[in-house]
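Enquirer: no FASTA, just this:
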């Protein structure tokens, strides 16, 4: 089944401080201590890959996945990585993946308003509406930019599953894409981040009030922003410090200290910040993973910046602990974190994407699946969990090797959705 | 044998394709001494400027010192600061509000008086009734350690801000344009005597044209002034006209030659930047369509040297020690490109979107700082460095070391 090779388990000698107690502490982790205990209950029947029908040209998904609790559906944006983007929903009850339509058609976009991909998450806002944003995402958006063949700018979008209506809420910054966005579930105010100029935007669709709060990043655009339980939103600056949009003030608040990083983390990884998050809603914790391969437990506060607890590396390498790439994270109903390591040419095992389980209460880490990159090269998506406890990721794999020695270009891929449940078998 | 030859050709082509892809996605990161200085950072114990008060509007270099006047968001106040080229850090800053209250921008660029004393003009924040307060002339003294002393020289035209200034070569007189009306004034540095001229103020017909194009004074007043070797002061009026002021007889002359334009865009003409070459030729940048042009003061003929990039704006010009003219082309809502222009065959060379290494406490390993919105550009006195200032919510300095090889 999809090339699941084997599973092994790793446990660190020193258990981490229990994050539930919110004690800010630098965690000591031993190198390479393993045992054979762990979670024997997870088998290949706990995971399944689900194809996207009706879009043979599809290429990839990029964080473009989210769950609607009102409609019990997972929404996904699938791209041909050129100019066409299909909107899909997966109905949890009927286990049906459906192509709703192409976003350019649903939103009445003209050719000159082409979009390369959806790079944002899908988030349910007030009244069951689902929000996302559009990205250029290809070379011509970066370099042709203000040229007539270039990119006009990314849009904020609203999908109403009840009426099957897509509403284009307008553009962010001219020529910039909207790389990620999130929504205040109470007010519907949207928080966006732009590419490549790294501006933080606040947009209220109810009043059409759009605020550009300025540039926050350096030479790279952190890909993820996220919202806490009060509707405050978080991003990072070029020093990898949390920057909070303080809802009560209507302005940005900067953390004084940078998020934890390994001592030898290169600047290129610092400026990229957070790559994924997952929420433990019951205990008010938001787990973060950085581009410097640290797992963190963030305890947000309604006002001010909350505490950060360092949970250590996503994977214990012999050296360069900052290197593993984790653009995804989910928090299971069993209290454990799940994430895939690999993508963008960065793997901890040759040509292999691994799937990890991590218990934040004990610090135990298990590799539970390994995939050859021709089966799964990269997974994205943050905090996508349905009411049954299934976790979802947006996966993609490289084009199949023809077997004749022809080099497979890394840019060729196809996308599928990953459904996983650590506590029970899943069906496609 | 043919198989091997074919394989080599395929490998060669594939390698070239990969390099091409890589080159397209790379940004300009020059080897050598080029670097960025972190000047702005919110909520820190480091010596840094806070958010929304640090956009570079006036920029010059004296010896090792980069001296900057900033602009702030409406309702906030700007800074003067000094950074060191050799130490690659911010040395000192002064809040203008402690010397002149209620100002929003040190707008005008600096001009240099005797003994390297600098002068600049400001634009005030709006008053409660929506009108602007008085802009002021300020005097800036920077000591050898980078210490800043500011002096308020008052408001040359009450109710007006100061949009642009230049000094004469003797360092005795300041010439300026007021904002938003566009009056021309002279200010005697020794006596403080001010003379105001309304010759350049747009008439009703011109204002009607500006209104038809939804133009505001920031778009049609001369953003830069310059003195030629004969002491004439050059700038632009609206609608593509170039003027010079003769301080000997206090007369204004509108040149027969106009700013270069793309047809139909006469309303956009504005000199956004000036620089004078060692042989006395003036080089200017046109906001409207981003053309670089040459003006020979001996003949008052204008030559259009072309557009470095597709975008409008040409926001800064300076000569490097290699004799090339460096500039910033383009700007918001796109982003700027660093370019050079050489009269000796090469013409324009577009470096693109610069990305320099920035090292500071807490980021000792260095991070890449990429410049998008570059507002001003000057060279160090020896031409070794091209210094670029940003216009961002958190603006930094980028320093390009001119390679002599």
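Expert: That came through, no problem. If you're wondering where the values come from, they're calculated on a predicted model, not measured in any experiment. Residues are numbered from 1 along each chain as shown, chains lettered A, B, ... in the order given.

Enquirer: make it CA atoms for all contacts and neighbour counts henceforth
Expert: Will do.

Enquirer: wait, what's in contact with residue B:335?
Expert: In this structure, residue B:335 makes contact with B:353, B:372, B:373, B:374, judged by C-alpha atoms under 8 Å, 6 or more residues apart in numbering or on different chains.

Enquirer: likewise residue A:159?
Expert: Going by C-alpha under 8 Å, 6+ apart, residue A:159 touches A:129, A:130, A:131, A:165, A:166, A:167.

Enquirer: Look up how far residue A:343 lies from it.
Expert: For residue A:159, the distance to residue A:343 equals 29 Å [C-alpha to C-alpha, to the nearest Å].

Enquirer: just residue B:341 next, same as before
Expert: Distance from residue B:341 to residue A:343, by C-alpha to C-alpha: 42 Å.

Enquirer: repeat for residue A:321
Expert: Separation of residue A:321 from residue A:343 (C-alpha to C-alpha): 16 Å.

Enquirer: Which one's more surrounded, those two?
Expert: Of the pair residue A:321 and residue A:343, residue A:343 is the one with more neighbours under other C-alpha atoms under 10 Å in any protein chain shown, namely 23 against 20.

Enquirer: now that one, nearest residue through space, not along the chain?
Expert: Using C-alpha to C-alpha, 6 or more residues apart in numbering or on different chains and skipping the chain neighbours, the partner closest in space to residue A:343 is residue A:378 (4.6 Å).

Enquirer: Shouldn't residue B:211 be within a helix?
Expert: Yes. Secondary structure assignment (DSSP: H, G, I helix; E, B strand; the rest coil) places residue B:211 inside a helix.

Enquirer: Quick one, grab the pLDDT at it.
Expert: pLDDT for residue B:211: 96.

Enquirer: Check which helices and strands the strand or helix carrying residue A:417 is in contact with.
Expert: Assigned by DSSP states H and E, residue A:417 belongs to strand A:413-420. In terms of contacts (3 or more C-alpha pairs under 8 Å, 6 or more residues apart in numbering or on different chains; DSSP states H and E), strand A:413-420 is packed against strand A:47-51, strand A:391-398.

Enquirer: hmm, try it at 10 Å
Expert: Counting contacts by 3 or more C-alpha pairs under 10 Å, 6 or more residues apart in numbering or on different chains; DSSP states H and E, strand A:413-420 packs against strand A:47-51, strand A:73-79, strand A:378-382, strand A:391-398.

Enquirer: Out of those strands, which is the most enclosed?
Expert: Most buried of the helices and strands packed on strand A:413-420, by mean neighbour count (mean count of other C-alpha atoms under 10 Å in any protein chain shown): strand A:378-382, with a mean of 30.

Enquirer: Give me the angle between that one and strand A:73-79.
Expert: For strand A:378-382 against strand A:73-79, the angle by axes from the mean of the first three to the mean of the last three C-alpha atoms, to 10 degrees is 130 degrees.

Enquirer: Could you look up the SS state of the closest residue to residue A:245 other than its chain neighbours?
Expert: Leaving aside its chain neighbours, residue A:245 sits nearest to residue A:252 (4.5 Å; criterion: C-alpha to C-alpha, 6+ apart). Secondary structure state of residue A:252, per three-state DSSP, is strand.

Enquirer: For the helices and strands packed on strand A:413-420, give me a markdown table that also has mean pLDDT.
Expert: Formatted as a markdown table, these follow (pLDDT from 0 to 100):
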| stretch | mean pLDDT |
| --- | --- |
| strand A:47-51 | 97 |
| strand A:73-79 | 98 |
| strand A:378-382 | 97 |
| strand A:391-398 | 94 |
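
Enquirer: Need these in TSV (columns: distance to residue B:120).
Expert: Listed next are the helices and strands packed on strand A:413-420 as TSV, based on distance: least, C-alpha to C-alpha, whole Å:
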stretch	distance to residue B:120
strand A:47-51	64
strand A:73-79	53
strand A:378-382	51
strand A:391-398	56
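
Enquirer: wait, the residue nearest to residue A:245 sits on residue A:200?
Expert: Yes. Residue A:252 is within contact range of residue A:200, at 9.4 Å (criterion: C-alpha atoms under 10 Å).

Enquirer: So which of those two has more stuff around it?
Expert: More neighbours surround residue A:200 than the other of residue A:252 and residue A:200, with 26 against 19 (other C-alpha under 10 Å).

Enquirer: Now do the same contact list for that one.
Expert: Residues near residue A:200 by C-alpha atoms under 10 Å, 6 or more residues apart in numbering or on different chains: A:172, A:178, A:181, A:191-194, A:211-217, A:225, A:234-235, A:243, A:245, A:252.

Enquirer: Now with 6 Å, please.
Expert: When contacts are counted by C-alpha atoms under 6 Å, 6 or more residues apart in numbering or on different chains, residue A:200 touches A:192, A:193, A:213, A:214.

Enquirer: Where neighbours are concerned, which of the residues you listed has the most?
Expert: Within the contacts of residue A:200, most neighbours by other C-alpha under 10 Å means residue A:193, with 32 neighbours.

Enquirer: For stretch A:287-300, which outside residues touch it?
Expert: With C-alpha under 6 Å, 6+ apart as the criterion, stretch A:287-300 contacts A:269, A:273-278, A:285-286, A:306-314, A:322, A:324.

Enquirer: I'd like the average pLDDT over it.
Expert: Averaged across stretch A:287-300, pLDDT comes to 98.

Enquirer: what are the bridge partners for residue B:276, then?
Expert: Residue B:276 has these beta-bridge partners by DSSP bridges: residue B:282.

Enquirer: burial count for it?
Expert: Look at residue B:276: counted by other C-alpha under 10 Å, it has 19 neighbours.

Enquirer: for residue B:58, same thing?
Expert: Neighbours of residue B:58 using other C-alpha under 10 Å come to 26.

Enquirer: Roughly how far does residue B:314 sit from residue B:284?
Expert: Plainly put, residue B:314 is 8 Å away from residue B:284 if you go by C-alpha to C-alpha.

Enquirer: How is residue A:354 assigned, secondary-structure-wise?
Expert: Judged by three-state DSSP, the three-state class of residue A:354 is strand.

Enquirer: continuing past the lowest-mean-pLDDT helix or strand in chain B, what's the next helix or strand?
Expert: Of the helices and strands making up chain B, the lowest-confidence element is helix B:2-25, at a mean of 43, by mean pLDDT, DSSP states H and E. Following helix B:2-25 in sequence order, the next helix or strand is strand B:35-37 (DSSP H and E).

Enquirer: same question for that following strand, mean pLDDT?
Expert: Here the average pLDDT along strand B:35-37 is 98.

Enquirer: buried ones in it?
Expert: Buried residues in strand B:35-37, counted by 16 or more other C-alpha atoms under 10 Å in any protein chain shown: B:35, B:36, B:37.

Enquirer: now those as JSON lines including distance to chain A?
Expert: Listed next are the buried residues of strand B:35-37 as JSON lines, based on distance: C-alpha to the nearest C-alpha, whole Å:
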{"residue": "B:35", "distance to chain A": "13"}
{"residue": "B:36", "distance to chain A": "11"}
{"residue": "B:37", "distance to chain A": "12"}
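
Enquirer: Which of the helices or strands spans the closest residue to residue B:113 other than its chain neighbours?
Expert: Once flanking residues are discounted, residue B:113 sits nearest to residue B:171: 3.8 Å by C-alpha to C-alpha, 6+ apart. Remark: residue B:171 resides in no helix or strand, with elements defined by DSSP H and E.

Enquirer: Angles on the backbone of residue B:171, please.
Expert: phi 70, psi 30 (degrees, to the nearest 10).

Enquirer: Same question for residue B:45.
Expert: Main-chain torsions, residue B:45, degrees, to the nearest 10: phi -90, psi -10.

Enquirer: pLDDT below threshold where in the chain?
Expert: Answering for chain A, as no chain was given. A:1-39, A:399-411 (pLDDT under 70).

Enquirer: wrong one, chain B
Expert: Ranges of chain B meeting pLDDT under 70: B:1-27, B:405.

Enquirer: where does it come near chain A, residue by residue?
Expert: Residues of chain B that fall close to chain A, judged by C-alpha under 6 Å from any C-alpha of the partner chain: B:43, B:44, B:366, B:367, B:368, B:369, B:370, B:393.
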